[in-house]
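>>> Got a sequence here, can you build the structure:
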Amino acid sequence: MSFRSWIRRLGVALVALVLSIGPSVSPVYAVEDVRKVGVVSFGLFGDQDVFRSEATGAAQVVADRFETGSVDVQYNSKRGGSATIEALARSLQVAANRLDAEKDVLFLILTSHGSPDGLVIKAGRLTQTLTPSRLADMLAKTGVRHKVVVISACYSGVFIPRLANPDVLVITAADANHPSFGCQDKAKWTYFGDAFFNVALRQALSLKDAFLDARLLVRKRELREQFDPSNPLMAGGANVQPLLAARR
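Numbers count the residues shown, from 1 in each chain. Presented below is the predicted three-dimensional model:
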């Protein structure tokens, strides 16, 4: 066999090997690594503009950090608004209908005043209370398995017992017994919203890292201003966190 014939046969063998291996590798990577995130963000208390600002800014940060699908931001004002309990239920369902129920992630952001009973909704003359049980029912009806819920409000830890489980990651600005801070009318962020969304999540590669950084930032600010600790909390989500590696 001549040297030229040997080279020709070797080239044919290498081409055949590449064709046999290539199709079995690349499609698996594409299917398993793509996770879409549907974002719903509501500013519930219309009498203070900070909640509109925070709902809008937080949704944008999440959209920048993850592979998002639909993004729905609604908020209330002193004159009224669309961010009601009924609107939230509809918005969650619409977002869920655009997601793969097993593969994708539904990301809910709620910002408002809170109490041990739940979140205050104020839209013009309309006043409502979103309770942990009511929110749990809404989320269950979406049919989406993996969810993230971030609640920026006083006493927001009251939502954790009803919401958190391995498929639902819950992050709150405070525990069930303490207020959170920074809800001045002209502010762009609350203390927790600023620390978590505006600072930590812009840089961190995971929600856990962002939460740990934000909790430290909030505590330093509270100590500096001589406030009692709000004790931000994170619970559940063991099956969710591996799906949400932020884009660099």
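>>> what's the spacing between the residue most central in space within the chain and Asp72?
Closest residue to the average C-alpha location of the chain: Phe107 at 3.9 Å, with Cα atoms, centre = their mean. According to Cβ to Cβ, to the nearest Å, Phe107 stands 11 Å off from Asp72. Glycine gets a C-beta too; all of them are placed from N, C-alpha and C.
>>> on that earlier part again, which residues does the residue nearest to the centre of the chain form a beta bridge with?
In this entry, Phe107 is beta-bridged to Val39, Val148, by DSSP bridges.
>>> before we move on, back to that, next, show the common contact partners of Phe107 and Asp72.
Residues touching both Phe107 and Asp72 by Cβ atoms under 8 Å, 6 or more residues apart in numbering: 39-40.
>>> helices or strands up against the lengthiest strand in the chain?
Using DSSP state E, we find that the single longest strand of the chain is strand 68-77. Packing partners of strand 68-77 (3 or more Cβ pairs under 8 Å, 6 or more residues apart in numbering; DSSP states H and E): strand 37-43, helix 50-65, helix 85-97, strand 118-123.
>>> Please identify the pairing partners of that strand and their relative orientation?
In the sheet, strand 68-77 lines up with strand 37-43 (parallel), strand 80-81 (antiparallel) (DSSP bridges).
>>> Can I get the helices and strands packed on strand 68-77 in TSV including mean neighbour count and distance to Lys188?
Formatted as TSV, the helices and strands packed on strand 68-77 follow (neighbours: other Cβ atoms under 10 Å; distance: least, Cβ to Cβ, whole Å):
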stretch	mean neighbour count	distance to Lys188
strand 37-43	26	12
helix 50-65	21	5
helix 85-97	17	23
strand 118-123	23	19
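>>> Of the ones you listed, which is nearest Val199?
Judged by Cβ to Cβ, the one of these that comes nearest to Val199 is helix 50-65, at 9.7 Å.
>>> send the alpha carbons of the closest one over as PDB?
Output in PDB follows, covering the C-alpha atoms of helix 50-65 (Å, rounded to 0.1, in the frame of the first residue of the first chain):
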ATOM      1  CA  VAL A  50     -41.100  52.400  46.400                       C
ATOM      2  CA  PHE A  51     -43.100  49.200  45.800                       C
ATOM      3  CA  ARG A  52     -43.700  50.000  42.100                       C
ATOM      4  CA  SER A  53     -40.000  50.800  41.700                       C
ATOM      5  CA  GLU A  54     -38.900  47.700  43.500                       C
ATOM      6  CA  ALA A  55     -41.300  45.300  41.500                       C
ATOM      7  CA  THR A  56     -40.100  46.800  38.200                       C
ATOM      8  CA  GLY A  57     -36.400  46.800  39.100                       C
ATOM      9  CA  ALA A  58     -36.400  43.300  40.600                       C
ATOM     10  CA  ALA A  59     -38.000  41.800  37.500                       C
ATOM     11  CA  GLN A  60     -35.400  43.400  35.300                       C
ATOM     12  CA  VAL A  61     -32.500  42.100  37.400                       C
ATOM     13  CA  VAL A  62     -34.000  38.500  37.300                       C
ATOM     14  CA  ALA A  63     -34.500  38.800  33.500                       C
ATOM     15  CA  ASP A  64     -30.900  39.900  33.100                       C
ATOM     16  CA  ARG A  65     -29.500  37.100  35.200                       C
END
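>>> Since that was my last question, I'll sign off now.
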